[in-house]
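> When you get a sec, could you give me coordinates for this:
(one chain, ligands or ions: 1)
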Amino acid sequence: MSKAKVGVLISGRGSNMAALIEAAKADDCPFEIALVLSNKPDAGGLETARAAGIEAWAIDQKLFGKDREAHERELDAALRQADCGYVALAGYMRVLTPFLVRAWAGRMVNIHPSLLPKYPGLDTHQRALNAGDAEAGCTVHLVTEGVDEGPILGQARVPIRTGDDAHALAERILVEEHRLYPAALAELVQQKPASS
Ligand code: GRF
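Residues are numbered from 1 along each chain as shown. Okay, here's the model as predicted:
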C-alpha cells in the first residue's frame, strides 16, 4: 500500500507529532510522516522526530522578521520538496497567512484542545473551567483562514471533574488528542487522495 505523505509543523514538545509518528508505523496506517518542520530551533519535538528516524529541522521565523509569508514560502517549499500531500499542524503556535492556508486548502489539518466552536484561540482549558462546563475535549479540523474555524473532522470528549485545574484537564484531554489525531488524519487521507 502506498501511504500518503504528511508534513508536520510544530513549535514545541511535539507530543501530538509523536503520536502521529507512532501511528504511522502500523502497516495498515494510510499515512507516513515524511517531514517535521518547526518555526523555532529549540522545539523539543525536533529531537523526538529525529530519534524516530524522521527528517526534521527548523525554519527559524526570526530570520524573516515580520514577513510571515516569506517564512511560509520556505515551509511550503520544504513540504513540496519532501513530496508531502498533507500538512498536520501539531502545536504550531503561529497564525498562518492566507498564502499557506490556500496552498494546502482541504489538505491541512489542526488539533485544538477544546470542543470547537467553543474556545478557539488560547487558554482553552481555563476557559472551560471558568465557564463551569461539565465536559471538555479536543477537535481535529481542516485549516481555513479563520483561526480554529475550519470544518470539523472529529472530536473527543472528557468529563471535567471536581477539583480539576487547567493542568489536570489539559493532561486528560491530551490523552484523547493522541488517539483522535491519527484516526482523523487517517480518515481524511483515505477520503481525499492528495492528487484529487
Ligand atoms: C496540544 O494541546 C494541541 O491541541 C495544541 O497545542 C498543544 C500541543 O502539544 N494545538 P504538543 O506539542 O503536541 O505536545
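
> which intervals of the protein have sub-threshold pLDDT?
For the chain, the stretches flagged by pLDDT under 70 are 1, 192-196.

> near the ligand, which residues of it show up?
10, 12-16, 90-91, 111-113, 138, 174, 177 (C-beta under 6 Å from any ligand atom). (Each C-beta comes from the backbone N, C-alpha and C, glycine too.)

> what do you get if the cut-off is 8 Å, keeping everything else the same?
10-19, 45, 89-93, 110-113, 138, 170, 173-174, 177 (C-beta under 8 Å from any ligand atom).

> Kindly write the ChimeraX command that selects the buried subset of those.
Applying 16 or more other C-beta atoms under 10 Å to the residues of the chain next to the ligand leaves a buried subset, and the ChimeraX line that selects it is:
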select :10,11,12,14,15,16,17,18,19,45,89,90,91,92,110,111,112,113,138,170,173,177
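
> quick one, helices of the protein?
15-24, 44-51, 68-81, 98-103, 124-130, 166-191 (DSSP state H).

> now for those helices, which one comes closest to Val143?
Val143 sits nearest to helix 98-103 of all these, at 5.9 Å, using C-beta to C-beta.

> packing partners for the closest one?
On a contact count with 3 or more C-beta pairs under 8 Å, 6 or more residues apart in numbering; DSSP states H and E, helix 98-103 meets helix 68-81.

> got the buried residues for the helix it packs on?
Buried, per 16+ other C-beta under 10 Å, within helix 68-81: Arg68, His71, Glu72, Arg73, Leu75, Asp76, Ala78, Leu79.

> Next: stretch 136-152.
Ala136, Gly137, Cys138, Thr139, Val140, His141, Leu142, Val143, Thr144, Asp148, Gly150.

> Can you get me a residue count around Ala134?
10 (other C-beta atoms under 10 Å).

> Please name the nearest non-neighbouring residue to it.
Ile160 (6.0 Å; C-beta to C-beta, 6 or more residues apart in numbering).

> picking that back up, so which of the buried residues of stretch 136-152 comes closest to the ligand?
Using C-beta to the nearest ligand atom, Cys138 comes nearest to the ligand of the buried residues of stretch 136-152, at 5.9 Å.
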